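# model this:
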Amino acid sequence: MSVRIWGPGVGAAMVLVATGAWVMWPADAEARPVDARLWGAVRPVIEARLVAESRGSGYGEAVPEYEARWFCRAEALELQERGDRVRAGVNTLCMEYGVHDGTLMECSGARFPQVVVLKRDADGGYRVVSREEPPDGEGYGEWTRSHFGVLASAAEDPVSSHALETAARAHFGLPADAAVGDC
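Model (predicted):
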């Protein structure tokens, strides 16, 4: 076979691959802004699910006098809406707080990226239909890269616990400057 036959075919294939890469992988995370309206609708559902699934897994819950409960926060890395489904790539932080002698007690916590799939109901609300998180230990990095691609480094960014501490203080009726201690 001659170069005349293969040359144009290889060139066309390279153009298609380059175009697909340009469309699928933006230069930075800011190139694909998150739809604020959609995030406002799905975030409370995601965070409520995180709280529900965290119950029963913390140290503070084993100490009744702490009255411990979970507070969770999700930050959107990506949102994709297709029909009545939303795929949300999120970075999450869940902290278990209790109270003892006027001090906010930090008892347990977990932070990791997740992929949450939600479905829009007939009334316009959303519900979680699936949730994936990376495995502990070996495989964590590979899972993160395979599920977040160029956003993998953003999935490793820490989520601030300040908003969770503020919510916990308010929940327990503590002053805004109440100290935080360990369980």
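# so, low pLDDT: which residues of this structure?
1-32, 150-158 (pLDDT under 70).
# max-length strand in it?
Secondary structure assigned by DSSP state E gives strand 103-120 as the longest strand of the chain.
# so which elements touch that one?
Other helices and strands packing on strand 103-120, by 3 or more C-beta pairs under 8 Å, 6 or more residues apart in numbering; DSSP states H and E, are helix 36-54, strand 85-100, strand 126-132, helix 140-148, helix 162-171, strand 180-182. Where C-beta positions appear, they are placed from N, C-alpha and C, glycine not excepted.
# what's the closest of those to Tyr66?
Of all the helices and strands packed on strand 103-120, strand 85-100 sits nearest to Tyr66, with 2.9 Å by C-beta to C-beta.
# in its sheet, what does that closest one sit against?
Sheet partners assigned to strand 85-100 using DSSP bridges are listed as strand 69-82 (antiparallel), strand 103-120 (antiparallel).
# give the buried residues for stretch 115-127.
115-116, 118, 120, 126 (16 or more other C-beta atoms under 10 Å).
# what about Gly139, neighbour count?
For Gly139, the count of nearby residues is 11 (other C-beta atoms under 10 Å).
# how close does it sit to Glu133?
11 Å (C-beta to C-beta, to the nearest Å).
# then Val159?
14 Å.
# before we move on, what about Leu93?
Separation of Leu93 from Glu133 (C-beta to C-beta): 13 Å.
# got it, and Leu38?
Look at Leu38 and Glu133: by C-beta to C-beta, they are 22 Å apart.
# what's the answer for Cys72, then?
As judged by C-beta to C-beta, Cys72 and Glu133 stand 13 Å apart.
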